[in-house]
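1. got a predicted structure plus its sequence, pasted below:
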Amino acid sequence: MRTALVYRALGLGDLLTGVPALRMLRRALPRHRIVLAAPAAQTRLITLAAIADQVIATEELDPVAWTGPPPDVAIDLHGNGPASRDLLRVLGPRRLIGFDEPGGPAWDPAEHERHRWCRLLAETLGGDPEPDDVRIPPPDPEPPPVPDAILVHPGAASGSRRWPADRFAAVATRMTLTGAPVLVTGSPAERDLAEDVRSRAGLPPEANLAGETDLMALASLVSAARLIVCGDTGIAHLASALGTPSVVLLGPTPPSTWGPPPGPHIALWHGDRPGDPHASVPDPALLRLSVDEVSDAALRLLSARHRPPRATAPSA
């Protein structure tokens, strides 16, 4: 069987923004076996979304553990630099697809992430882009998550995308007035940050779930949640994928390049130009967001109680 190897060994948000392009690839190459090089922790979510036939566990910019004949097609969905392209080139694919390859499309730094990868495939393999096709089915939870909760997620990979903990806590306190359970989520490394938010908000100790959920348990929790309040990080894209209402706080990166698709989502941004998404201190645009503005956006979504139909797993 012919094979198409896709390289996207990045974080959760990167995986989920790549879903429309991966579905487009499936339509463009229906007779190929789609192999995705991605972090091992994402394997079950990739299977749930039915966007690949096989996952090769690969960390960012690590070589791909490819065996067998060279892939028929290798596709760089990682970036536009030579590092990821060279990792595919050494495998000897019959065709290599990526930005700025000879005869291929040019990279546009102002393009939205979902649109970017769909355009790459449209201009190289043909087909109709559907960049907002991000929905995935909810996982079967085991054990069942807390239903109808409001999730507050204060963490992010870099300081420039982290709204101050005291402001997240103030929003969490206001959310308790709705009567819904309020939970604080995060990674194991964000346990102390989540605990700071929890204690400032006066939530019970069990409300701190940071480090207590793996990716699939977090997806189940998000799927059952009433609302997500978070920064520009993976859980925001998980909310989009599962159709859960979300308030997304953007700082260095504008919504025009990383914001959520149409749906029950509010993206807040007060920047006049992109900043440094890898800086260690909160971006000035992020600090312009007030507790009142974020709380009001959350209450608007809660009052609407809008939840689109749940997605079902697409056929492979």
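-> Okay, I see it.

2. from here on, contacts and neighbour counts on C-alpha atoms
-> Noted.

3. which residues in this protein form helices?
-> 12-17, 19-28, 43-49, 82-89, 113-124, 165-176, 191-201, 215-224, 234-242, 255-258, 284-287, 291-304 (DSSP state H).

4. mean neighbour count, these: which tops it?
-> Most buried of the helices of the chain, by mean neighbour count (mean count of other Cα atoms under 10 Å): helix 234-242, with a mean of 25.

5. so what touches it?
-> Contacts with helix 234-242, where a contact means Cα atoms under 8 Å, 6 or more residues apart in numbering, come from 11-14, 16-17, 134-138, 153, 219, 222-223, 228, 230, 245-246, 248, 260-261, 263, 265, 310-311.

6. give me the contact list for stretch 275-286.
-> 158-164, 249-253, 269-272.

7. scratch that, stretch 8-19
-> Stretch 8-19 is contacted from outside by 36-39, 42, 51, 58-61, 76-78, 113-114, 117, 133-134, 233-238, 241, using Cα under 8 Å, 6+ apart.

8. state the mean pLDDT of it.
-> When pLDDT is averaged over stretch 8-19, the result is 97.

9. next one: stretch 289-304
-> 97.

10. then stretch 118-132?
-> Mean per-residue pLDDT for stretch 118-132: 96.

11. give me the pLDDT for the residue lying closest to Arg191 once chain neighbours are set aside.
-> Nearest residue to Arg191, sequence neighbours excluded (Cα to Cα, 6 or more residues apart in numbering): Ala210, at 5.0 Å. Reported pLDDT at Ala210 in the predicted model: 97.

12. for Ala210, phi and psi?
-> phi -60, psi 130 (degrees, to the nearest 10).

13. how many other residues sit next to it?
-> Using other Cα atoms under 10 Å, Ala210 has 23 neighbouring residues.

14. same check, this time on Val229
-> There are 26 residues near Val229, going by other Cα under 10 Å.

15. now do Pro143
-> 8.

16. pLDDT score for it?
-> Listed pLDDT for Pro143 reads 75.

17. hmm, back to that, same list (the helices of the chain) but as TSV, adding distance to Pro69.
-> Shown next, in TSV, are the helices of the chain (distance: least, Cα to Cα, whole Å):
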stretch	distance to Pro69
helix 12-17	26
helix 19-28	21
helix 43-49	23
helix 82-89	13
helix 113-124	23
helix 165-176	51
helix 191-201	45
helix 215-224	33
helix 234-242	34
helix 255-258	36
helix 284-287	48
helix 291-304	51
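
18. what's the closest of these to Glu142?
-> helix 215-224 (7.6 Å; Cα to Cα).

19. residues in contact with that closest one?
-> 41-42, 44-45, 138-142, 144-149, 151, 228, 238-239, 242-244.

20. okay, now Ser280: neighbour count?
-> Count around Ser280 with other Cα under 10 Å applied: 13.
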